[in-house]
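K.L.:
Next comes the sequence, and after it the predicted model I'd like to discuss.
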Amino acid sequence: MEYFSFTRFLLLLLLFISSELWAQTSCSDQLILAQRRYDSGLLDEIPALLEPCIANGFTREEKSNAYKLLIQTYLFSDQPEKADKVMLAFLKEFPEYALLPNDQKEFVNLYNTYRTEPIMRIEAGLGVSTTHVLVKEYFGVNNILGESPSYSSGFGANGEISFVDNLFSNFDGAMGISFSYLTFSYSNTPFPFTNTSATQSNIYLGLPLSMRYNKELIGVKWFVKIGVEPVYLISSNIDISRSRTNVQDPIAGKVDMLKQQRTYDIRPLISLGANVRLGKAKLQFSVGAKFGLVDPMISNQRYSNTDLIQKYYYIPDSYFVNQVFFNAAYVFSIYKPKKIR
């Protein structure tokens, strides 16, 4: 009984595969026959040959060719309403279609009467960054002129989801939401017998707003982006240690810096990027910089953490946080084909 059921399953599977192959082969033959009819001027037979297979039976490439042939047929048969109906169905199924050099003039003219550009793009990306501190004013527990505080850039990560729409001509507008994880290091020798070192890490949420200018050069679609990103600080911690001469174990700990810092910044941004197509995927790569305008330290909170001062000999400086980044994004295009003239 089990053998019979398995055999019946195999027979049904073979019949299904055979029917699918037959249908595909049959529709392929129909497309060849329809093309011959078109070349011979026998236009009346073409819709009956193609329409059943457009619903189910063609490969994707064959379906595209069938749509185009059917549109040409209706145009030459002086049936513009039917040609429009098929063109709209074609653009809904193949929204990213790009005109080819061998497309017939009548097809191109009809295609150009439709809105074929995406109405919106969604870009979801991740990237890496380096943080660069520009010091406004130094502070210290000893004579600051005798100290040698220094900062070094640290690596971080960032992500962004943006909604992009065309404003006019080659200019796009974009708005989105972002996160960034930034780090930088600090080192100082407040006294000859001790050294303080620290790594600060901050996490921000942002609302980037930007405008882009797009230009195609040497076959690549480039863009320049300028804008501004208001950010909100949601976490700030410093891993800090102080070593002492002739003492093996340093004093070390982790301190929450959030209460001593302003939770906002406004960062102008600029970047250069390119859009690339890899197979069916649209990818975007960009490199750029963001510049901090707000000193994160609250002046009247600078000395509020006595542990930082007495235990680690550390007083936060006034500075600006700048960022250099590289991002890669996946581009989702949203289309809504529409007759425009």
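P.N.:
Cool, got the structure.

K.L.:
Give me the mean pLDDT for whichever strand or helix holds residue 180.
P.N.:
Assessed by DSSP states H and E, residue 180 sits inside strand 171-191. If you average the pLDDT over strand 171-191, you get 95.

K.L.:
Which of the residues in that strand are classified as buried?
P.N.:
172, 174, 176, 178-186, 188-190 (16 or more other C-beta atoms under 10 Å). Quick note: C-beta positions are derived from backbone N, CA and C, even for glycine.

K.L.:
again with stretch 54-72
P.N.:
Quick answer for stretch 54-72 (16+ other C-beta under 10 Å): 54, 57-58, 62-63, 65-72.

K.L.:
Could you do stretch 282-295 as well?
P.N.:
282, 284, 286, 288, 289, 290, 291, 292, 295.

K.L.:
circling back: return the closest of the buried residues of stretch 54-72 with respect to residue 209.
P.N.:
residue 67 (39.9 Å; C-beta to C-beta).

K.L.:
how about the buried residues of stretch 54-72 in CSV, adding distance to residue 211, secondary structure and pLDDT?
P.N.:
Formatted as CSV, these follow (distance: C-beta to C-beta, whole Å; DSSP: H, G, I helix; E, B strand; the rest coil; pLDDT from 0 to 100):
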residue, distance to residue 211, secondary structure, pLDDT
54, 42, helix, 87
57, 47, coil, 78
58, 42, coil, 86
62, 42, helix, 89
63, 39, helix, 91
65, 40, helix, 92
66, 42, helix, 91
67, 37, helix, 93
68, 37, helix, 94
69, 42, helix, 93
70, 41, helix, 94
71, 37, helix, 94
72, 41, helix, 94
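
K.L.:
Outline the domain layout of the protein.
P.N.:
As recorded under automatic domain parsing, the domains making up the chain are 2-115, 120-339.

K.L.:
what distance separates the start and the end of the last one?
P.N.:
Distance across domain 120-339, first residue to last, is 17 Å (C-alpha to C-alpha, to the nearest Å).

K.L.:
if we can go back for a sec, output the buried residues of stretch 282-295 in CSV; the columns should cover secondary structure, pLDDT and distance to residue 314.
P.N.:
Putting the buried residues of stretch 282-295 into CSV (DSSP: H, G, I helix; E, B strand; the rest coil; pLDDT from 0 to 100; distance: C-beta to C-beta, whole Å) gives the following:
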residue, secondary structure, pLDDT, distance to residue 314
282, strand, 89, 48
284, strand, 95, 41
286, strand, 97, 36
288, strand, 97, 32
289, strand, 98, 28
290, strand, 97, 26
291, strand, 97, 26
292, coil, 96, 21
295, coil, 95, 17
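
K.L.:
which pair in those spans the largest distance?
P.N.:
282 and 295 (39.8 Å).

K.L.:
thinking again about what came up before, can you tell me which of the domains of the chain the model trusts least?
P.N.:
Ranked by mean pLDDT, the domains of the chain bottom out at domain 2-115, with a mean of 81.

K.L.:
Centre of the chain to that domain, how far?
P.N.:
34 Å (C-alpha atoms, centre = their mean, to the nearest Å).

K.L.:
How many residues are close by residue 112?
P.N.:
The number of residues packed near residue 112 is 11, by other C-beta atoms under 10 Å.

K.L.:
Now it: phi and psi?
P.N.:
phi -70, psi -10 (degrees, to the nearest 10).

K.L.:
Spit out the contact partners of it.
P.N.:
Counting by C-beta atoms under 8 Å, 6 or more residues apart in numbering, residue 112 touches no other residue.

K.L.:
Next: the one 10 residues further on.
P.N.:
Counting by C-beta under 8 Å, 6+ apart, residue 122 makes contact with 161, 162, 163, 164, 331, 332, 334.
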